[in-house]
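K.L.:
any chance you could fold what I've pasted below:
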Amino acid sequence: MQTSSTSSAVNGDRRQARWRDLAAPITAAFISVLVNYGGTFVLVFQAAQLAQLSAAQTASWVWSLSIGVGVTGIWLSYRYRAPVITAWSTPGVAFLATVMPHTPYAEVIGAYIVSAIAFILLGMSGAFERLVRLIPGGIAAGLLAGILLQFGVNAFGGASADPLLVAVLLLSYAVLRRFTARFAVVGIMLIGLALLLAQGRIDGQGIALALAAPVFEMPRFSVASLLGVALPLFLITLTGQYMPGMLVLRNDGYQVSANPILTVTGLGSLLMAPFGAHAFNVAAITAAICTGKDAHADPSKRYVAGLACGVLYILVGIFGVTLASLFMVLPRPFITALAGLALLGAIGNSLAQAMADVRMRETALITFLATAANVTLLGVGGALWGLAAGLATHGLMHGWRKPVAP
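P.N.:
Now for the predicted structure:
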């Protein structure tokens with residue numbers, strides 16, 4: 001009788017342990033997906049509207065993006081046992097909104113295909129991986145902190161529009177971090193949703209579930225679309241998404257090579273391009289939610305967040321615009337506050353690593369500030385220019401002389 005009771009207690013402890021191992025990474029995945037759709041996906045609808053795409057073509061774009069990033073993320077996370085979170089190129093969508101109105105859609109699709117082939121070839125060459133490994137750790141951490149800083153600021157900036165919601169989330173986060181650090185983000189998400197429901201601010205009456213259907217578009221190729229769409233899309237995605245995305249993984253201790261990530265996401269982009277998908281890549285901002293300690297104390301178990309993200313993306317893709325719209329009915333202050341609080345750990349760790357080496361401190365700080373300024377030049381965003389500023393000053397200050405003890 002005692003043996004049976006002991007066995008039951010052990011089995012109960014194991015079930016609780018398994019639940020704890022799953023709950024935190026799955027919640028991190030949900031927040032990551034929520035932030036992706038609720039924060040930036042509106043750009044896809046805006047670009048589709050400017051390009052005068054039909055409802056079916058727009059739904060196909062949503063379908064192809066969601067299914068593509070879901071499948072590639074699941075495969076990479078499972079294969080390498082790391083939270084490799086894939087996403088669509090957000091700066092790429094912003095760029096496409098400027099060129100799609102005056103570029104035939106078939107030629108845009110052709111440009112997607114050329115860009116995807118370029119990513120596959122770059123991944124197979126191994127050149128990008130060598131470049132990532134050359135970047136000093138302090139500069140990499142400063143770059144990541146600069147990218148994430150705005151999301152931390154926005155967590156509190158929403159207080160101007162919705163002070164009660166932001167105050168409740170912040171105070172709840174502080175209390176939960178004191179008593180149960182692992183589930184603090186879970187708790188504030190549930191508390192925030194409960195508050196919004198109580199205030200009657202989530203209105204889903206006009207949303208009905210409907211399956212999305214892919215629409216095949218025969219691609220056309222031209223020199224104009226190659227130079228005006230494919231090349232800029234490739235460069236913007238490489239510098240604005242892949243570079244910071246790989247540094248997010250490196251910053252949290254994951255040494256997954258960039259080569260298979262480029263190759264797999266490039267292949268996924270190639271297969272989904274005829275249905276409207278513009279570019280897949282390793283995620284940066286939303287990945288940081290899943291790669292840090294809040295996703296799980298044990299780094300070897302955070303890959304579950306990558307699997308969960310993939311499943312959630314596929315579910316959204318199946319129902320297309322319907323579920324994407326459901327994410328977007330949530331108030332923006334809720335999304336920004338939730339994202340910022342979820343990224344506090346990643347921002348703090350990045351700043352600590354950037355400032356850890358006294359000799360590198362100034363160049364890391366320059367990288368951080370230049371990236372946070374988010375200067376856009378020649379159509380390229382602040383991530384590239386922040387990295388360039390950090391590397392240039394590092395080379396001038398330390399590149400041609402032996403290290404001097406602080």
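
K.L.:
where are the low-confidence patches of this protein?
P.N.:
Regions of the chain meeting the criterion pLDDT under 70 cover residues 1-20, 38-40, 42, 181-183, 203-209, 320-321, 323-328, 378-382, 400-406.

K.L.:
could you pull out the strands for it?
P.N.:
86-88, 280-282 (DSSP state E).

K.L.:
direction included, what does the last one pair up with?
P.N.:
Based on DSSP bridges, the pairing partners of strand 280-282 within the sheet are strand 86-88 (antiparallel).

K.L.:
tabulate the strands of the chain (JSON lines), appending mean neighbour count and distance to Leu238.
P.N.:
In short, each C-beta sits where N, CA and C put it, glycine included. Formatted as JSON lines, the strands of the chain follow (neighbours: other Cβ atoms under 10 Å; distance: least, Cβ to Cβ, whole Å):
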{"stretch": "strand 86-88", "mean neighbour count": "28", "distance to Leu238": "14"}
{"stretch": "strand 280-282", "mean neighbour count": "30", "distance to Leu238": "8"}
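
K.L.:
including distance to Pro101, could those go into a markdown table?
P.N.:
Shown next, in a markdown table, are the strands of the chain (distance: least, Cβ to Cβ, whole Å):
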| stretch | distance to Pro101 |
| --- | --- |
| strand 86-88 | 20 |
| strand 280-282 | 24 |
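
K.L.:
of all those, which lies closest to Phe119?
P.N.:
strand 280-282 (8.1 Å; Cβ to Cβ).

K.L.:
what does that closest one contact?
P.N.:
65, 68-69, 72, 84-89, 237, 241-242, 245-246, 248-249, 261, 265-266, 268-269, 272 (Cβ atoms under 8 Å, 6 or more residues apart in numbering).

K.L.:
can you check stretch 161-177 too?
P.N.:
When contacts are defined by Cβ under 8 Å, 6+ apart, stretch 161-177 is touched by residues 155-156, 158-159, 183-185, 187-188, 191-192, 195-196, 331-334, 337-338, 341.

K.L.:
what do you get if the cut-off is 7 Å, keeping everything else the same?
P.N.:
Residues outside stretch 161-177 that contact it (Cβ atoms under 7 Å, 6 or more residues apart in numbering): 156, 158-159, 183-184, 187-188, 191-192, 195, 331, 333-334, 337, 341.

K.L.:
can you flag the buried ones in these?
P.N.:
Those of the contacts of stretch 161-177 that meet the buried threshold are 158-159, 183-184, 187-188, 191-192, 195, 331, 333-334, 337, 341, by 16 or more other Cβ atoms under 10 Å.

K.L.:
tell me which two in those residues are the farthest apart.
P.N.:
Ala159 and Phe183 (24.0 Å).

K.L.:
between the buried ones among the contacts of stretch 161-177, which sits nearest Lys293?
P.N.:
Looking across these and measuring by Cβ to Cβ, the closest to Lys293 is Ala184, at 11.3 Å.

K.L.:
against Ala24, how distant is Tyr242?
P.N.:
Applying Cβ to Cβ, to the nearest Å, the value for Tyr242 to Ala24 is 27 Å.

K.L.:
hmm, I was thinking of Asn154
P.N.:
On the measure of Cβ to Cβ, Asn154 and Ala24 end up 24 Å apart.

K.L.:
picking up where we left off before, from the contacts of stretch 161-177, which land in helices?
P.N.:
With helices defined by DSSP state H, the entries of those inside them are Phe156, Ala184, Gly187, Ile188, Ile191, Gly192, Leu195, Pro333, Phe334, Ala337, Leu341.

K.L.:
now distance to Ala29 too, for these, in CSV please.
P.N.:
Listed next are the ones in helices among the contacts of stretch 161-177 as CSV, based on distance: Cβ to Cβ, whole Å:
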residue, distance to Ala29
Phe156, 25
Ala184, 16
Gly187, 16
Ile188, 16
Ile191, 19
Gly192, 17
Leu195, 23
Pro333, 22
Phe334, 18
Ala337, 19
Leu341, 16
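
K.L.:
the stretch 151-300 of the chain: helices as residue ranges?
P.N.:
Along the stretch 151-300 of the chain, the segments classed as helices by DSSP state H, counting those that start in this stretch run 163-179, 184-198, 223-225, 231-237, 243-251, 258-272, 285-291.

K.L.:
so of those, which one's packed in deepest?
P.N.:
Of all those, helix 285-291 carries the top mean neighbour count, a mean of 30, counting by mean count of other Cβ atoms under 10 Å.

K.L.:
helices and strands around that one, which ones?
P.N.:
Under the contact definition 3 or more Cβ pairs under 7 Å, 6 or more residues apart in numbering; DSSP states H and E, helix 285-291 sits against helix 2-39, helix 137-157, helix 243-251, helix 303-319.

K.L.:
rerun that using 10 Å as the cut-off
P.N.:
In terms of contacts (3 or more Cβ pairs under 10 Å, 6 or more residues apart in numbering; DSSP states H and E), helix 285-291 is packed against helix 2-39, helix 55-80, strand 86-88, helix 137-157, helix 243-251, helix 303-319, helix 332-342, helix 344-356.

K.L.:
JSON lines for these, including distance to Leu365?
P.N.:
What follows is those, written out as JSON lines (distance: least, Cβ to Cβ, whole Å):
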{"stretch": "helix 2-39", "distance to Leu365": "27"}
{"stretch": "helix 55-80", "distance to Leu365": "32"}
{"stretch": "strand 86-88", "distance to Leu365": "28"}
{"stretch": "helix 137-157", "distance to Leu365": "7"}
{"stretch": "helix 243-251", "distance to Leu365": "16"}
{"stretch": "helix 303-319", "distance to Leu365": "31"}
{"stretch": "helix 332-342", "distance to Leu365": "22"}
{"stretch": "helix 344-356", "distance to Leu365": "7"}
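
K.L.:
looking at the ones you listed, which is nearest to Leu384?
P.N.:
With distances scored as Cβ to Cβ, the stretch of the helices and strands packed on helix 285-291 nearest to Leu384 is helix 243-251 (7.3 Å).
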